[in-house]
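[1] pasting the structure only:
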């Protein structure tokens, strides 16, 4: 965006993403689901979210296509729903890992983080890296140039 071209941001992907997931309870629900929690009561226990708040967040995540409901029934009980990630939900995993790694670095307890992600096959810690489409490592935001995309709308 050479010369600091001004463009309208009503179609900004960051803003639209935050409209879907940019709220504390939503991110905590996603954390629980990525950790294998599927049922409402277990999510409520893990997040501490009030019942109405959790219900609203789950409904929104289903409406946005990040979760899907899967019915289940305990013997002698009424049918209930479990929540499973869709592909769109699974694609949020790098965001969640990035948030966790930032927290591990800047706000973890002095003893260190409470959870360390490891590769299931070899046990090594999981790291995130940015690469360009040609496979070059991008070590810093200073190595990135924002350019107007096909959906950019110039201001004015």
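    That came in fine, so what should we check first? What you see is a predicted model, and the numbers here were worked out from it, not measured in a lab.
[2] and residue 142, how many neighbours does it have?
    For residue 142, the neighbour count with other Cβ atoms under 10 Å is 7. Every residue, glycine included, has its C-beta placed from N, CA and C.
[3] hang on, it in a helix?
    Yes - using DSSP: H, G, I helix; E, B strand; the rest coil, the assignment for residue 142 is a helix.
[4] okay, it: pLDDT?
    On pLDDT, residue 142 comes in at 96.
[5] can you name the next helix or strand after the lowest-mean-pLDDT helix or strand in the chain?
    In the chain, no helix or strand scores lower on mean pLDDT, DSSP states H and E than strand 7-8, which sits at a mean of 66. Downstream of strand 7-8, the first helix or strand assigned by DSSP states H and E is helix 13-21.
[6] now tell me what touches the helix or strand following that next one from outside.
    Proceeding N to C from helix 13-21, the next assigned helix or strand is helix 24-34, under DSSP H and E. Contact partners of helix 24-34, identified using Cβ atoms under 8 Å, 6 or more residues apart in numbering, comprise 20-21, 42-43, 46-47, 49, 53-54, 57-58, 60-61, 66-67, 83-85, 89, 92-93, 96, 99.
[7] so residue 107 versus residue 101, what's the distance?
    11 Å (Cβ to Cβ, to the nearest Å).
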